[in-house]
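K.L.:
Predicted model follows, preceded by the sequence.
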Amino acid sequence: MTSYQKNGYLLVKKAIKKKLLNEIANDIHNLFKIDLFEIYQNDFNRFLGAANISQYLISVNKLITLPSIVDIVKDLGLKNPVINTRPLLSYSHKNLAKNDMYWKVPAHQDWPSMQGSIDGVTVWIPLVQLDESMGYLEVIPESHLFGALEQKDDTVLSESSFDESKFVPVFRDREDILIFNTFLIHRSGCNNSDKVRLTAHLRYDNADESSFINRNFPHHRVDKRSEGIAHSDLNTKELVNNLFSLPK
(Lines give C-alpha, C1' and ligand atoms only; values in the text may rest on other atoms or scores of the structure.)
Protein backbone atom coordinates (compact mmCIF):
# COMPACT_ATOMS: atom_id res chain seq x y z
CA MET A 1 0.00 0.00 0.00
CA THR A 2 2.80 2.45 0.85
CA SER A 3 4.41 1.87 -2.56
CA TYR A 4 1.07 2.51 -4.28
CA GLN A 5 0.48 5.69 -2.26
CA LYS A 6 3.95 6.98 -3.17
CA ASN A 7 4.14 6.00 -6.83
CA GLY A 8 0.46 5.97 -7.83
CA TYR A 9 0.56 2.51 -9.38
CA LEU A 10 0.93 -1.15 -8.44
CA LEU A 11 1.97 -4.15 -10.53
CA VAL A 12 0.25 -7.35 -9.38
CA LYS A 13 1.72 -10.63 -10.62
CA LYS A 14 -0.41 -13.64 -11.61
CA ALA A 15 -3.71 -11.89 -10.83
CA ILE A 16 -5.72 -13.54 -13.62
CA LYS A 17 -5.91 -17.22 -14.53
CA LYS A 18 -4.88 -18.28 -18.03
CA LYS A 19 -8.18 -20.14 -18.39
CA LEU A 20 -10.18 -16.90 -18.39
CA LEU A 21 -7.69 -15.11 -20.64
CA ASN A 22 -7.90 -18.00 -23.12
CA GLU A 23 -11.70 -17.87 -22.97
CA ILE A 24 -11.64 -14.15 -23.79
CA ALA A 25 -9.17 -14.66 -26.65
CA ASN A 26 -11.33 -17.43 -28.10
CA ASP A 27 -14.52 -15.34 -27.85
CA ILE A 28 -12.87 -12.39 -29.60
CA HIS A 29 -11.52 -14.69 -32.33
CA ASN A 30 -15.01 -16.13 -32.89
CA LEU A 31 -16.48 -12.62 -33.04
CA PHE A 32 -14.18 -11.35 -35.79
CA LYS A 33 -14.07 -14.71 -37.63
CA ILE A 34 -11.16 -13.64 -39.85
CA ASP A 35 -7.78 -11.91 -39.52
CA LEU A 36 -8.06 -8.48 -37.88
CA PHE A 37 -5.89 -6.76 -40.48
CA GLU A 38 -7.92 -8.28 -43.32
CA ILE A 39 -11.28 -7.21 -41.91
CA TYR A 40 -9.95 -3.72 -41.14
CA GLN A 41 -8.77 -3.24 -44.73
CA ASN A 42 -11.76 -4.79 -46.46
CA ASP A 43 -14.72 -3.95 -44.22
CA PHE A 44 -13.91 -1.19 -41.75
CA ASN A 45 -17.48 -0.77 -40.50
CA ARG A 46 -17.63 -4.45 -39.60
CA PHE A 47 -14.27 -4.17 -37.84
CA LEU A 48 -15.46 -1.14 -35.87
CA GLY A 49 -18.73 -2.82 -34.92
CA ALA A 50 -16.99 -6.02 -33.82
CA ALA A 51 -14.38 -4.06 -31.83
CA ASN A 52 -17.13 -2.11 -30.05
CA ILE A 53 -19.34 -5.11 -29.29
CA SER A 54 -16.35 -7.14 -28.07
CA GLN A 55 -16.40 -4.91 -24.97
CA TYR A 56 -19.75 -6.47 -24.08
CA LEU A 57 -18.69 -10.11 -24.38
CA ILE A 58 -19.67 -12.11 -21.30
CA SER A 59 -16.12 -13.40 -20.86
CA VAL A 60 -14.67 -9.87 -21.01
CA ASN A 61 -17.16 -8.62 -18.43
CA LYS A 62 -16.18 -11.41 -16.04
CA LEU A 63 -12.98 -9.40 -15.48
CA ILE A 64 -14.68 -6.44 -13.85
CA THR A 65 -16.16 -8.44 -10.95
CA LEU A 66 -13.29 -10.89 -10.64
CA PRO A 67 -12.58 -11.33 -6.89
CA SER A 68 -8.81 -11.31 -7.43
CA ILE A 69 -9.13 -7.81 -8.93
CA VAL A 70 -11.91 -6.37 -6.75
CA ASP A 71 -10.18 -7.47 -3.53
CA ILE A 72 -6.97 -5.68 -4.58
CA VAL A 73 -8.95 -2.55 -5.46
CA LYS A 74 -10.48 -2.62 -1.98
CA ASP A 75 -7.06 -3.14 -0.39
CA LEU A 76 -5.88 0.03 -2.15
CA GLY A 77 -8.51 2.05 -0.28
CA LEU A 78 -11.63 1.84 -2.44
CA LYS A 79 -13.74 0.39 0.35
CA ASN A 80 -17.00 0.62 -1.61
CA PRO A 81 -15.95 0.18 -5.26
CA VAL A 82 -18.38 0.93 -8.07
CA ILE A 83 -17.89 0.31 -11.78
CA ASN A 84 -17.22 3.52 -13.68
CA THR A 85 -17.81 2.09 -17.17
CA ARG A 86 -17.84 -1.16 -19.14
CA PRO A 87 -14.48 -2.84 -19.78
CA LEU A 88 -12.64 -0.99 -22.54
CA LEU A 89 -10.67 -3.01 -25.09
CA SER A 90 -7.78 -1.62 -27.11
CA TYR A 91 -6.61 -3.16 -30.41
CA SER A 92 -3.28 -1.42 -30.75
CA HIS A 93 -1.38 -1.56 -34.05
CA LYS A 94 -0.53 1.11 -36.63
CA ASN A 95 -2.37 -0.89 -39.31
CA LEU A 96 -5.56 -0.87 -37.24
CA ALA A 97 -5.73 2.88 -36.69
CA LYS A 98 -6.97 5.88 -38.63
CA ASN A 99 -4.55 8.10 -36.69
CA ASP A 100 -1.81 7.80 -34.08
CA MET A 101 -4.19 8.36 -31.16
CA TYR A 102 -5.64 4.88 -31.67
CA TRP A 103 -2.40 2.95 -31.36
CA LYS A 104 0.12 5.04 -29.38
CA VAL A 105 -1.87 7.30 -27.10
CA PRO A 106 0.30 10.26 -25.93
CA ALA A 107 0.71 11.33 -22.31
CA HIS A 108 -2.62 11.69 -20.54
CA GLN A 109 -4.56 11.17 -17.31
CA ASP A 110 -7.74 9.07 -17.09
CA TRP A 111 -9.33 11.54 -14.66
CA PRO A 112 -10.83 13.93 -17.30
CA SER A 113 -12.83 11.12 -18.92
CA MET A 114 -14.05 9.84 -15.52
CA GLN A 115 -14.18 12.71 -12.99
CA GLY A 116 -15.33 10.25 -10.35
CA SER A 117 -13.77 9.62 -6.94
CA ILE A 118 -10.36 11.12 -6.17
CA ASP A 119 -9.05 7.62 -5.41
CA GLY A 120 -10.52 6.09 -8.59
CA VAL A 121 -8.35 3.54 -10.39
CA THR A 122 -7.73 2.06 -13.80
CA VAL A 123 -6.78 -1.62 -14.08
CA TRP A 124 -4.69 -2.30 -17.21
CA ILE A 125 -4.72 -5.94 -18.36
CA PRO A 126 -2.73 -7.45 -21.25
CA LEU A 127 -4.87 -10.06 -23.00
CA VAL A 128 -1.91 -11.30 -25.06
CA GLN A 129 1.67 -12.02 -24.07
CA LEU A 130 3.68 -8.82 -24.46
CA ASP A 131 7.29 -8.27 -25.36
CA GLU A 132 9.37 -5.13 -25.73
CA SER A 133 8.62 -4.78 -29.45
CA MET A 134 4.88 -4.55 -28.69
CA GLY A 135 5.36 -1.65 -26.28
CA TYR A 136 4.65 -1.62 -22.57
CA LEU A 137 2.54 0.98 -20.83
CA GLU A 138 4.75 3.85 -19.65
CA VAL A 139 4.08 5.85 -16.47
CA ILE A 140 5.54 8.78 -14.54
CA PRO A 141 5.85 7.62 -10.92
CA GLU A 142 4.39 9.99 -8.29
CA SER A 143 2.67 12.12 -10.96
CA HIS A 144 -0.76 11.33 -9.46
CA LEU A 145 0.11 13.84 -6.73
CA PHE A 146 -0.05 16.69 -9.27
CA GLY A 147 -3.85 16.38 -9.43
CA ALA A 148 -5.65 17.30 -12.66
CA LEU A 149 -3.26 18.95 -15.14
CA GLU A 150 -3.65 21.27 -18.10
CA GLN A 151 -4.84 19.51 -21.24
CA LYS A 152 -3.97 20.35 -24.82
CA ASP A 153 -7.32 18.92 -25.94
CA ASP A 154 -9.96 16.56 -24.56
CA THR A 155 -7.50 13.67 -24.29
CA VAL A 156 -3.84 14.71 -24.38
CA LEU A 157 -1.87 16.63 -21.76
CA SER A 158 -0.07 19.84 -22.58
CA GLU A 159 3.68 19.20 -22.99
CA SER A 160 4.36 21.75 -20.25
CA SER A 161 2.52 19.53 -17.74
CA PHE A 162 5.14 16.78 -17.50
CA ASP A 163 8.81 15.90 -17.88
CA GLU A 164 9.33 13.52 -20.82
CA SER A 165 12.45 12.03 -19.19
CA LYS A 166 10.46 10.75 -16.20
CA PHE A 167 8.53 8.08 -18.11
CA VAL A 168 9.32 4.46 -17.21
CA PRO A 169 7.93 1.32 -18.88
CA VAL A 170 6.14 -1.18 -16.65
CA PHE A 171 6.99 -4.71 -17.75
CA ARG A 172 4.34 -7.36 -17.27
CA ASP A 173 3.24 -10.80 -18.41
CA ARG A 174 -0.13 -11.92 -19.69
CA GLU A 175 -1.46 -12.93 -16.25
CA ASP A 176 -0.31 -9.71 -14.55
CA ILE A 177 -2.32 -6.53 -14.02
CA LEU A 178 -1.29 -2.91 -13.52
CA ILE A 179 -3.46 -0.75 -11.24
CA PHE A 180 -2.99 3.02 -11.17
CA ASN A 181 -4.71 6.10 -9.82
CA THR A 182 -6.65 8.03 -12.45
CA PHE A 183 -4.42 11.12 -11.99
CA LEU A 184 -1.26 9.17 -12.88
CA ILE A 185 0.35 10.39 -16.12
CA HIS A 186 0.77 7.50 -18.55
CA ARG A 187 1.04 6.76 -22.25
CA SER A 188 1.11 3.82 -24.66
CA GLY A 189 4.39 2.24 -25.60
CA CYS A 190 4.98 2.00 -29.34
CA ASN A 191 3.93 -1.32 -30.91
CA ASN A 192 6.54 -1.95 -33.63
CA SER A 193 5.71 -5.65 -33.98
CA ASP A 194 3.51 -7.46 -36.49
CA LYS A 195 1.12 -8.45 -33.65
CA VAL A 196 -1.90 -6.67 -32.21
CA ARG A 197 -1.41 -5.46 -28.63
CA LEU A 198 -4.79 -6.39 -27.20
CA THR A 199 -5.49 -4.99 -23.74
CA ALA A 200 -8.45 -4.49 -21.42
CA HIS A 201 -8.93 -1.47 -19.17
CA LEU A 202 -11.23 -1.57 -16.14
CA ARG A 203 -12.21 1.56 -14.21
CA TYR A 204 -13.53 1.85 -10.67
CA ASP A 205 -14.65 4.65 -8.36
CA ASN A 206 -15.11 4.60 -4.59
CA ALA A 207 -18.66 5.39 -3.46
CA ASP A 208 -17.34 6.21 0.04
CA GLU A 209 -14.94 8.97 -1.10
CA SER A 210 -16.12 12.31 0.32
CA SER A 211 -15.68 14.54 -2.74
CA PHE A 212 -17.46 11.97 -4.90
CA ILE A 213 -20.39 12.04 -2.47
CA ASN A 214 -20.38 15.86 -2.31
CA ARG A 215 -20.50 16.04 -6.13
CA ASN A 216 -23.55 13.73 -6.16
CA PHE A 217 -21.67 10.76 -7.65
CA PRO A 218 -20.97 12.12 -11.17
CA HIS A 219 -20.93 9.51 -13.94
CA HIS A 220 -19.06 11.56 -16.49
CA ARG A 221 -18.49 8.96 -19.21
CA VAL A 222 -22.23 8.40 -19.44
CA ASP A 223 -23.72 11.75 -18.52
CA LYS A 224 -21.93 14.79 -19.92
CA ARG A 225 -18.54 14.02 -21.45
CA SER A 226 -18.95 16.98 -23.80
CA GLU A 227 -19.01 19.55 -21.00
CA GLY A 228 -15.33 19.17 -20.13
CA ILE A 229 -14.39 19.45 -16.46
CA ALA A 230 -17.69 19.40 -14.59
CA HIS A 231 -16.38 20.87 -11.30
CA SER A 232 -13.63 23.22 -12.44
CA ASP A 233 -13.24 24.69 -8.94
CA LEU A 234 -12.30 21.30 -7.48
CA ASN A 235 -8.78 21.44 -5.97
CA THR A 236 -7.74 17.98 -7.13
CA LYS A 237 -4.09 18.47 -6.18
CA GLU A 238 -4.96 19.20 -2.56
CA LEU A 239 -7.50 16.36 -2.41
CA VAL A 240 -5.22 13.74 -3.91
CA ASN A 241 -2.29 14.76 -1.71
CA ASN A 242 -4.46 14.55 1.41
CA LEU A 243 -5.67 11.13 0.30
CA PHE A 244 -2.23 9.74 -0.49
CA SER A 245 -0.29 11.40 2.29
CA LEU A 246 2.27 9.00 3.75
CA PRO A 247 2.83 8.53 7.48
CA LYS A 248 5.63 10.73 8.82
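P.N.:
Sure thing, it's come through. Everything numeric in this text was worked out from a predicted model, so none of it was measured.
K.L.:
For the rest of this, base every contact and every neighbour count on C-alpha atoms.
P.N.:
Noted.
K.L.:
What ranges does the protein have for its helices?
P.N.:
Counting by DSSP state H, the chain has helices at residues 2-7, 18-32, 36-42, 44-53, 58-61, 67-75, 111-114, 210-214, 236-243.
K.L.:
Please identify the deepest-packed of the ones you listed.
P.N.:
helix 111-114 (a mean of 22; mean count of other CA atoms under 10 Å).
K.L.:
Show the average pLDDT along that one.
P.N.:
Averaging pLDDT along helix 111-114 yields 89.
K.L.:
One more: stretch 82-91?
P.N.:
pLDDT averaged over stretch 82-91 gives 95.
K.L.:
Kindly state which of the helices of the chain is positioned closest to residue 177.
P.N.:
helix 67-75 (8.6 Å; CA to CA).
K.L.:
Run through the neighbouring helices and strands of the closest one.
P.N.:
strand 81-83 (3 or more CA pairs under 8 Å, 6 or more residues apart in numbering; DSSP states H and E).
K.L.:
Can you list the strands that the strand it packs on pairs with?
P.N.:
In the sheet, strand 81-83 lines up against strand 197-206 (antiparallel) (DSSP bridges).
K.L.:
hmm, who's touching the partner strand?
P.N.:
64, 78-93, 116-117, 119-128, 130, 134, 191, 212 (CA atoms under 8 Å, 6 or more residues apart in numbering).
K.L.:
Could you give the separation of it from the chain centroid?
P.N.:
Taking the mean of its C-alpha atoms, strand 197-206 sits 4 Å from the chain's own mean (CA atoms, centre = their mean, to the nearest Å).
K.L.:
hang on, the earlier thing: could you dump the helices of the chain to CSV with distance to residue 158?
P.N.:
Below are the helices of the chain laid out as CSV (distance: least, CA to CA, whole Å):
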stretch, distance to residue 158
helix 2-7, 21
helix 18-32, 35
helix 36-42, 32
helix 44-53, 29
helix 58-61, 33
helix 67-75, 30
helix 111-114, 13
helix 210-214, 26
helix 236-243, 17
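K.L.:
what about residue 96, how many neighbours?
P.N.:
21 (other CA atoms under 10 Å).
K.L.:
for the one 3 residues further on, same thing?
P.N.:
Residue 99: 11 surrounding residues under other CA under 10 Å.
K.L.:
and it, what does it touch?
P.N.:
Per CA under 8 Å, 6+ apart, neighbours of residue 99: none.
K.L.:
follow-up on the earlier one: for PyMOL, write the select line for the buried members of the contacts of strand 197-206.
P.N.:
Per 16 or more other CA atoms under 10 Å, the buried members of the contacts of strand 197-206 correspond to this PyMOL selection:
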select buried, resi 64+78+79+81+82+83+84+85+87+88+89+90+91+92+93+116+117+119+120+121+122+123+124+125+126+127+128+130+134+191+212
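K.L.:
Okay, and which of the contacts of strand 197-206 map to strands?
P.N.:
81-83, 88-92, 121-126 (DSSP state E).
K.L.:
Dump those residues to JSON lines, plus distance to residue 37.
P.N.:
Converted to JSON lines, these look like this (distance: CA to CA, whole Å):
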{"residue": "81", "distance to residue 37": "37"}
{"residue": "82", "distance to residue 37": "36"}
{"residue": "83", "distance to residue 37": "32"}
{"residue": "88", "distance to residue 37": "20"}
{"residue": "89", "distance to residue 37": "17"}
{"residue": "90", "distance to residue 37": "14"}
{"residue": "91", "distance to residue 37": "11"}
{"residue": "92", "distance to residue 37": "11"}
{"residue": "121", "distance to residue 37": "32"}
{"residue": "122", "distance to residue 37": "28"}
{"residue": "123", "distance to residue 37": "27"}
{"residue": "124", "distance to residue 37": "24"}
{"residue": "125", "distance to residue 37": "22"}
{"residue": "126", "distance to residue 37": "19"}
